[in-house]
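K.L.:
give me a model of this one.
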Amino acid sequence: IASYVHCEQPDKAIALFDKMIYENLKPSSITLVTLLMACASTGSLERGQMIHSYITETEHEMNISLSTALIDMYAKCGHLEKSRELFDAANQKDAVCWNVMISGYGMHGHVESALELFNQMEESDVKPTGPTFLALLSAVTHAGLVEQGKKLLVKMHQY
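P.N.:
Residues are numbered from 1 along each chain as shown. Okay, the predicted model is just below:
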């Protein structure tokens, strides 16, 4: 499955997942994360929702990687409400998880939500990383918020 995804053949990866389920083989969290990445990269919301349903129905253990992959898939497919719902429900949030949600807001033009979430990140125990600032700077640049971009550059040097 990972090889198909790596070779940009997500349909074959998903077909193999379907075969795994048919054969009563239980996919690992890594397999599910890989499949969700394929759905995110192709914008396949329906397939991603099916994988999410599988995770829920089988009561698959929700770890931080799987949770983040779901948040990312929904965000990249434009389903920001569901993405945020999963983000808020996540028991653990590392910098990658925060970055995925901030980036999702930014890529869909929700700059204020991205900045608001960044402020919440700063108040949490998780420190912003390079990708955090990259996502924010991209969002404010596309929105033409030059002054906000300057403030972010100053903050970046604080970390």
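
K.L.:
SS state for P27?
P.N.:
coil (DSSP: H, G, I helix; E, B strand; the rest coil).

K.L.:
thinking Y105 is in contact with F118, fair?
P.N.:
No: contact criterion C-beta atoms under 8 Å: Y105 and F118 do not qualify, at 9.4 Å. In this view, the C-beta of every residue, glycine as well, is placed from N, C-alpha and C.

K.L.:
against the centre of the protein, work out the most remote residue.
P.N.:
E23 (29.2 Å; C-alpha atoms, centre = their mean).

K.L.:
isn't N63 up against S29?
P.N.:
Yes: the criterion here is C-beta under 8 Å, and N63 meets it with S29 at 5.7 Å.

K.L.:
and the residue nearest the centre of the chain, what's its pLDDT?
P.N.:
Note on the chain: the residue nearest the mean C-alpha position is D72, at 1.7 Å, using C-alpha atoms, centre = their mean. According to the prediction, D72 has pLDDT 98.

K.L.:
elements contacting whatever helix or strand it lives in?
P.N.:
Here D72 is covered by helix 64-76, with elements defined by DSSP states H and E. Helices and strands touching helix 64-76, by 3 or more C-beta pairs under 8 Å, 6 or more residues apart in numbering; DSSP states H and E, are helix 29-42, helix 45-57, helix 80-89, helix 95-107.

K.L.:
thinking again about what came up before, which residue of N63 and S29 possesses the greater neighbour count?
P.N.:
S29 (17 against 14; other C-beta atoms under 10 Å).

K.L.:
pull up the gap between that one and L36, please.
P.N.:
For S29, the distance to L36 (C-beta to C-beta, to the nearest Å) stands at 10 Å.
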